[in-house]
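Engineer: here are the coordinates; sequence isn't available:
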């Protein structure tokens with residue numbers, strides 16, 4: 001039997017072992033070399049579950065360093081046995097300091113594991129706790145997400161724990177905007193840019209906020225294949241859960257959290273285990289630290305950013321605030337990472353996945369105007385196939401409840417934007433992300449600019465003959481280099497559909513704008529999208545009339561205030577009064593019910609499946 005492979009703290013053997021596992025050459029693009037570092041102390045009760053779940057990963061780690069931080073139970077013996085079996089497992093032994101030391105002690109042990117390691121030899125680094133049961137594709141799926149979006153700097157799944165009294169699996173409270181502390185999976189480039197982990201309580205909050213401040217995306221993903229079991233309940237890792245909540249209060253104080261924000265957080269967590277007393281302990285930990293004048297994280301710029309973000313969360317909801325700050329910080333990130341070669345980032349394997357929000361059964365893409373235009377240009381620059389864009393407002397959402405064809409077209413859209421302040425407000429009020437309104441007419445105007453800049457051709461279908469002719473004339477004047485593949489008015493019958501489809505197809509247009517009413521434009525597009533073979537198809541309703549100058553658009557202040565619908569009602573009262581009276585009332589009722597349901601009565605999704613392990617836990 002081979003002797004256990006261990007590494008004494010700060011020994012030169014650590015470097016030698018890593019050089020055997022990883023060559024000194026730079027890692028190739030899109031490689032999946034990831035390093036796990038696991039501080040642990042007295043984890044014999046849970047250790048095997050974690051070791052087995054990592055051993056079962058579909059993509060195993062290039063190296064896993066477990067730091068035995070002076071364990072006095074059977075941890076060392078278990079690690080020794082597994083080190084014989086797992087070729088990627090290495091063990092660092094530290095001297096027993098007599099007690100478990102959470103927060104800064106954990107990070108000290110983490111860096112003891114990194115001592116002598118070249119992070120440049122790896123693509124990803126993860127601080128992993130030893131009291132977890134991970135699904136088999138956990139690390140593979142995280143890397144897929146990060147390959148798809150180079151701005152994701154840190155990601156994780158969602159933790160669940162076994163309730164101490166009922167035995168049921170319960171979701172731990174954690175926001176989507178942070179990777180969770182027990183499995184901090186980082187892109188090495190991001191980890192180095194934020195300066196690593198702070199050696200203090202709340203290290204696992206400071207890191208994500210600092211990453212966001214620098215334009216990276218931090219996230220935890222509530223996806224079934226990424227849900228894992230936390231064998232020790234959150235906050236119970238030192239003495240008991242109450243002690244953990246007191247420590248959390250100090251950590252928030254140290255980080256620089258605004259008092260009002262933390263009061264709201266504590267109120268929100270009142271029902272969480274342990275109900276009431278957990279929230280009281282959190283607030284007492286914060287107030288006690290303030291009363292004692294304890295030092296705070298010494299970075300005024302960071303604390304200012306943090307409080308701005310937290311106040312935005314209180315105003316518009318955490319999801320919307322996160323999306324807004326990510327969008328605002330994106331230009332800075334792109335300047336620093338202009339090319340993947342110079343930044344050391346892997347080339348994305350597929351298009352970045354957009355975040356989603358939902359209202360009244362329709363899924364919306366969480367985008368700004370800038371990112372919506374960028375996605376549309378991606379549709380046009382990839383392999384030629386049809387993509388549809390839906391600009392959904394309150395009227396669409398109400399019509400979809402009665403029109404299954406319209407609802408089907410909405411679900412099939414490749415990009416769905418919130419065209420209406422009422423939709424944006426409803427999404428934000430329900431706690432979901434939606435940074436801004438992306439009005440169809442504004443998106444169309446921006447796409448005409450982008451089409452001219454990228455040499456793309458456009459086709460206009462819809463409105464009266466004189467309207468579409470004037471639109472083409474104005475578009476040519478405003479965009480002299482814009483390629484107009486063709487145009488046709490919207491007055492035609494079913495017998496003309498196939499001929500029109502063939503005409504558009506033969507034109508070779510890259511973008512098709514359909515200026516016709518709902519639900520016709522959506523259902524017609526969905527029926528003919530494959531035959532049309534236009535990379536970008538977008539219904540724009542009455543936008544032709546406005547852009548051609550036949551109808552005056554509302555002033556900017558009216559648009560921003562959310563009363564553009566009222567302006568349109570004044571412009572066309574006979575056409576719109578009944579629709580707005582019925583649909584607006586219906587939308588207020590249905591959206592209001594959904595907001596209340598999401599805010600107060602939303603049931604958590606089903607948890608991960610507990611799997612048996614050999615040898616017990």
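Structural biologist: Sure, I can see it. It should be emphasised that the depicted structure is a prediction, and the values quoted were computed from it without experimental measurement.
Engineer: from here on, contacts and neighbour counts on C-alpha atoms
Structural biologist: Will do.
Engineer: wait, is residue 306 part of a strand?
Structural biologist: No - counting by DSSP: H, G, I helix; E, B strand; the rest coil, residue 306 falls outside a strand, being helix.
Engineer: and it, what is it in contact with?
Structural biologist: By Cα atoms under 8 Å, 6 or more residues apart in numbering, the residues touching residue 306 are 209, 256-257.
Engineer: which residues in the stretch 351-500 of the chain form helices?
Structural biologist: 369-381, 394-400, 404-412, 421-429, 440-454, 465-478, 497-507 (DSSP state H, counting those that start in this stretch).
Engineer: helices and strands around the last one, which ones?
Structural biologist: Taking 3 or more Cα pairs under 8 Å, 6 or more residues apart in numbering; DSSP states H and E as the contact definition, the neighbouring helices and strands of helix 497-507 are strand 483-488, helix 520-532.
Engineer: off-centre distance for that helix?
Structural biologist: 39 Å (Cα atoms, centre = their mean, to the nearest Å).
Engineer: thinking again about what came up before, most tightly surrounded among the helices of the stretch 351-500 of the chain?
Structural biologist: Most buried of the helices of the stretch 351-500 of the chain, by mean neighbour count (mean count of other Cα atoms under 10 Å): helix 421-429, with a mean of 23.
Engineer: what about the closest residue to residue 521 other than its chain neighbours, how many residues nearby?
Structural biologist: Spatial nearest neighbour of residue 521, chain neighbours left out: residue 539 (5.9 Å); criterion: Cα to Cα, 6 or more residues apart in numbering. Residues contacting residue 539 under the criterion other Cα atoms under 10 Å number 28.
Engineer: OK, contacts around residue 427?
Structural biologist: Here residue 427 is in contact with 357-359, 433-434, 595 (criterion: Cα under 8 Å, 6+ apart).
Engineer: before we move on, what about residue 39?
Structural biologist: 66-69, 106-107, 109-110, 113, 127-130.
Engineer: what about burial for the residues you listed, which qualify?
Structural biologist: 66-69, 106-107, 109-110, 113, 127-130 (16 or more other Cα atoms under 10 Å).
Engineer: is it true that residue 180 touches residue 218?
Structural biologist: No - using Cα atoms under 8 Å as the test, residue 180 is too far from residue 218 to be in contact (9.8 Å).
Engineer: looking at the buried ones among the contacts of residue 39, which one is closest to residue 300?
Structural biologist: residue 107 (22.7 Å; Cα to Cα).
Engineer: got the phi and psi for that closest one?
Structural biologist: Phi and psi for residue 107, reported as degrees, to the nearest 10, are phi -70, psi -30.
Engineer: give me the distance between the nearest residue to it once chain neighbours are set aside and residue 400.
Structural biologist: The shortest distance from residue 107 to any non-neighbouring residue, by Cα to Cα, 6+ apart, is to residue 199 (5.7 Å). The gap separating residue 199 from residue 400 is 53 Å, by Cα to Cα, to the nearest Å.
Engineer: ditto for residue 501
Structural biologist: 25 Å.
Engineer: then residue 165?
Structural biologist: Residue 165 is 44 Å from residue 400, where distance means Cα to Cα.
Engineer: pull the contacting residues for the residue nearest to residue 107.
Structural biologist: Residue 199 neighbours (Cα under 8 Å, 6+ apart): 103-105, 107-108.
Engineer: from the residues you listed, pick the one nearest residue 478.
Structural biologist: Nearest to residue 478 out of the contacts of residue 199 is residue 107 (Cα to Cα; 58.6 Å).
Engineer: what does stretch 271-289 contact?
Structural biologist: So stretch 271-289 is in contact with 173, 241-243, 245-253, 262-263, 266-267, 269-270, going by Cα under 8 Å, 6+ apart.
Engineer: just the ones in helices from those residues, please.
Structural biologist: 241-243, 245-253, 262-263, 266-267 (DSSP state H).
Engineer: which pLDDT value goes with residue 316?
Structural biologist: We note a pLDDT of 74 for residue 316 in this prediction.
Engineer: I'd say it and residue 430 touch.
Structural biologist: No - counting by Cα under 8 Å, residue 316 stays clear of residue 430, with 9.5 Å between them.
Engineer: now restrict the contacts of stretch 271-289 to buried residues only.
Structural biologist: For these, a neighbour count by 16+ other Cα under 10 Å gives the buried set as 241-243, 245-253, 262, 266, 269.
Engineer: in this structure, where is pLDDT below threshold?
Structural biologist: Residues of the chain meeting the criterion pLDDT under 70: 1-30, 97-103, 233-239, 338-354, 554, 558-565, 567-569, 572, 575-580, 599-617.
Engineer: cutoff 50 now
Structural biologist: 1-29, 235-237, 340-352, 602-606, 613-617 (pLDDT under 50).
Engineer: measure the nearest residue to residue 159 once chain neighbours are set aside to residue 296 for me?
Structural biologist: Residue nearest to residue 159 in three dimensions, not counting chain neighbours: residue 228, with 5.2 Å by Cα to Cα, 6+ apart. Noted for residue 228: a distance of 33 Å to residue 296, by Cα to Cα.
Engineer: then residue 110?
Structural biologist: Counting by Cα to Cα, the gap from residue 110 to residue 296 is 22 Å.
Engineer: any idea how far residue 439 is from residue 230?
Structural biologist: Remark: distance between residue 439 and residue 230 (Cα to Cα) = 43 Å.
Engineer: do residue 153 as well
Structural biologist: 23 Å.
Engineer: and for residue 373?
Structural biologist: From residue 373 to residue 230 the distance is 41 Å (Cα to Cα).
Engineer: does residue 312 count as helix, strand or coil?
Structural biologist: helix.
Engineer: pretty sure it sits against residue 321.
Structural biologist: Yes - between residue 312 and residue 321 there is a contact at 5.5 Å, judged by Cα under 8 Å.
Engineer: who has more neighbours, these two?
Structural biologist: Neighbours per residue (other Cα under 10 Å) separate residue 312 from residue 321, with residue 321 holding more: 26 against 17.
Engineer: these two touch, right, the more buried one and residue 435?
Structural biologist: Yes - between residue 321 and residue 435 there is a contact at 7.1 Å, judged by Cα under 8 Å.
Engineer: can you list the domain ranges for the chain.
Structural biologist: Per automatic domain parsing, the structural domains of the chain span 6-235, 357-547.
Engineer: dump those into a markdown table; add distance to residue 585 as well.
Structural biologist: Listed next are those as a markdown table, based on distance: least, Cα to Cα, whole Å:
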| stretch | distance to residue 585 |
| --- | --- |
| domain 6-235 | 32 |
| domain 357-547 | 10 |
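Engineer: quick revisit: dihedrals phi and psi, the residue nearest to residue 159?
Structural biologist: Torsion angles, degrees, to the nearest 10, at residue 228: phi -130, psi 160.
Engineer: that one: neighbouring residues, count only.
Structural biologist: 25.
Engineer: same deal with residue 591?
Structural biologist: 23.
Engineer: quick one, what contacts the closest residue to it other than its chain neighbours?
Structural biologist: Distances taken as Cα to Cα, 6+ apart put residue 426 closest to residue 591, at 6.5 Å, once the chain neighbours are dropped. By Cα under 8 Å, 6+ apart, the residues touching residue 426 are 359, 591-592, 595.
Engineer: the residues you listed in strands, which ones?
Structural biologist: Applying DSSP state E to the contacts of residue 426, the entries found in strands are residue 359.
Engineer: closest to residue 544 out of the contacts of residue 426?
Structural biologist: Of the contacts of residue 426, the one sitting nearest to residue 544 (Cα to Cα) turns out to be residue 359, at 27.8 Å.
Engineer: residue 88 and residue 64 touch, don't they?
Structural biologist: Yes - using Cα under 8 Å, residue 88 is in contact with residue 64, at 5.8 Å.
Engineer: and these two? Which one has more around it.
Structural biologist: residue 64 (23 against 19).
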